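Enquirer: Take this sequence and fold it.
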Amino acid sequence: MEMPISISNCLCLNPIKLISWNIIHLKLQLRIGINSGPVIAGVIGKKKFIYDLWGDTVNIASRMESHGEADKIQISENTYSLIKENFTIKKRGNIEVKGKGKMFVYFLLGIKWYINVM
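Expert: Numbers count the residues shown, from 1 in each chain. Predicted coordinates for the structure are as follows:
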């Protein structure tokens, strides 16, 4: 069974057209990195509490962002395997990632018009 996705959902999940914008002659460009996997979560602090996430999954997501390209969302192989059926994705290929070596990565281009729910 296929379920159509609303236009508003597509706009939220098709960020390539929304990432870059001009504010008073200042062009802003964003890089986004996504990885999927287990994390450790907790609250730190004694006076001011902060909720934080730790682990290799978080570190790889950070590397996806820092090794990415402007106005693009770079995703790891882990994330690719989870979302490939429902999103339009382009292979970027192997890149050298600090602390991890060579990793095969992808660019997330947007959501597909239909999601296979069964």
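Enquirer: Just give me the residue right at the centre of this protein.
Expert: With distances taken as Cα atoms, centre = their mean, Ile34 lies nearest the centre of the chain, 3.0 Å away.
Enquirer: That one contacts Arg63, doesn't it?
Expert: No - the pair Ile34 / Arg63 is not scored as a contact, 11.1 Å apart, by Cβ atoms under 8 Å. C-beta: built from backbone N, CA, C; applies to glycine.
Enquirer: Rounded mean pLDDT for stretch 30-43, please.
Expert: Taken as a whole, stretch 30-43 carries a mean pLDDT of 94.
Enquirer: Please name the nearest non-neighbouring residue to the residue nearest to the centre of the chain.
Expert: Ile75 (4.7 Å; Cβ to Cβ, 6 or more residues apart in numbering).
Enquirer: which residues does the one you found contact?
Expert: Shown in contact with Ile75 (Cβ atoms under 8 Å, 6 or more residues apart in numbering): 33-35, 64, 83, 89, 105-108.
Enquirer: For it, give me the pLDDT.
Expert: Per the predicted model, pLDDT is 96 at Ile75.
Enquirer: If I look at the closest residue in space to Asn59 that isn't next to it in sequence, what pLDDT would I see?
Expert: Leaving aside its sequence neighbours, Asn59 sits nearest to Gly99 (Cβ to Cβ, 6+ apart; 7.3 Å). pLDDT, Gly99: 87.
Enquirer: Over to Val117?
Expert: At Val117, the model reports a pLDDT of 64.
Enquirer: quick one on the thing from earlier: wait, what's in contact with the residue nearest to the centre of the chain?
Expert: 61, 64, 73-76, 79, 108.
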